[in-house]
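Undergrad: Starting from these lines, generate the structure:
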Amino acid sequence: MGMASESLQTRDIPRQISPWPLFGLFVAATWVLDIGLHQSISDHRNSVAIVAAWFAMTAAMMTPTTVPMLNSLREILGSSSQDTWWMFIAGYVTMWSAFALVGSGLQIALSHTNLLSDHGTLASRSLTAGVLALAGVYQFTPIKNMCRDLCLRPMTFFMAHWRSGKAGGFTMGIRHGVVCIGCCWALMLLAFVGTASHWGFMALVTAIMVMEKLPKYGAKITAPIGIALLVWAALLFFTPEAISLHNSH
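TA: Next comes the predicted model:
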């Protein structure tokens, strides 16, 4: 009788539908939108198009990197309402949208100079090498390591910054977005190297940032990524072959 009563009570509890399929659709939609926008932009001085492309690009590239954090949040929330989970995403996307405004503003400013190509990437090999070197050097800085380590310990993050309800979820998402920007802003500047015009390169950079957020592997690949970027910068700046390839691109 007790077991039957317990079973009845279990059936009475509404089962939460997993949010992951909808999240996957959202990520896929941002990728489709981003690729479509970059392929359709004919005037790289169109401010509205540039801002829209940056919004889509940051959403497409950065939402997959927060999966470990979202997975931990789902474990904490259990069968309770998903509102906190979705508001966390909203806060996170809000912060990256602010970054997108800065990135698009920089591109708009550069578009009125001769420093950008027709594809919206840097036309100067020296500037391109400089951006690569900046991203490479940043991989070894204390602030990079601090922000990355915070991203690698989701449960520690939630224990230190937990807030309940919708407003709490949004606040936690904002806080995580700030940390994530601190970790990845330099890699996102690679948009001026090739990400913005080549979806394959964009996917590669996204995969790198996703791997940096994986608790088991993230800390191990930060330095190799930095070394690879510095080597790329040196090759681009000093070797004739790389100069020729850059100019033809």
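Undergrad: buried residues in stretch 153-167?
TA: 154, 157-158, 163 (16 or more other C-beta atoms under 10 Å). From N, CA and C alone the C-beta is placed, and that goes for glycine too.
Undergrad: which ones among these are found in helices?
TA: Cross-referencing those against helices under DSSP state H gives 154, 157-158.
Undergrad: Determine the longest helix present in this protein.
TA: Per DSSP H, the chain has its longest helix at helix 83-111.
Undergrad: What angle do helix 83-111 and the next helix or strand after it make with each other?
TA: Next in sequence after helix 83-111, counting helices and strands by DSSP states H and E, comes helix 125-138. Between the axes of helix 125-138 and helix 83-111, defined by axes from the mean of the first three to the mean of the last three C-alpha atoms, to 10 degrees, the angle is 150 degrees.
Undergrad: tell me what helix 125-138 is packed against?
TA: Contacts defined by 3 or more C-beta pairs under 8 Å, 6 or more residues apart in numbering; DSSP states H and E place helix 125-138 against helix 165-188, helix 218-238, helix 240-248.
Undergrad: Okay, now the unreliable bits of the protein?
TA: Residue ranges of the chain with pLDDT under 70: 1-16, 42-44, 195-197, 240-249.
Undergrad: most centrally placed residue in it?
TA: M62 (2.0 Å; C-alpha atoms, centre = their mean).
Undergrad: Wait, that one touches V205, no?
TA: No - under the criterion of C-beta atoms under 8 Å, M62 is not in contact with V205, lying 10.6 Å apart.
Undergrad: anything in contact with each of the two?
TA: Taking C-beta atoms under 8 Å, 6 or more residues apart in numbering as the criterion, M62 and V205 both touch M188.
Undergrad: returning to what we had before: I'd like to know which of the buried residues of stretch 153-167 is nearest to P142.
TA: Nearest to P142, judged by C-beta to C-beta, of the buried residues of stretch 153-167 is F157 at 18.5 Å.
Undergrad: Pretty sure that closest one sits against L150.
TA: Yes - at 6.0 Å, F157 counts as touching L150 under the criterion of C-beta under 8 Å.
Undergrad: residues shared between the contacts of these two?
TA: Going by C-beta under 8 Å, 6+ apart, residues that sit against F157 and also against L150 are V179.
Undergrad: Give the buried residues for stretch 140-154.
TA: 144, 147-148, 150-152, 154.
Undergrad: Great, nothing more from me.
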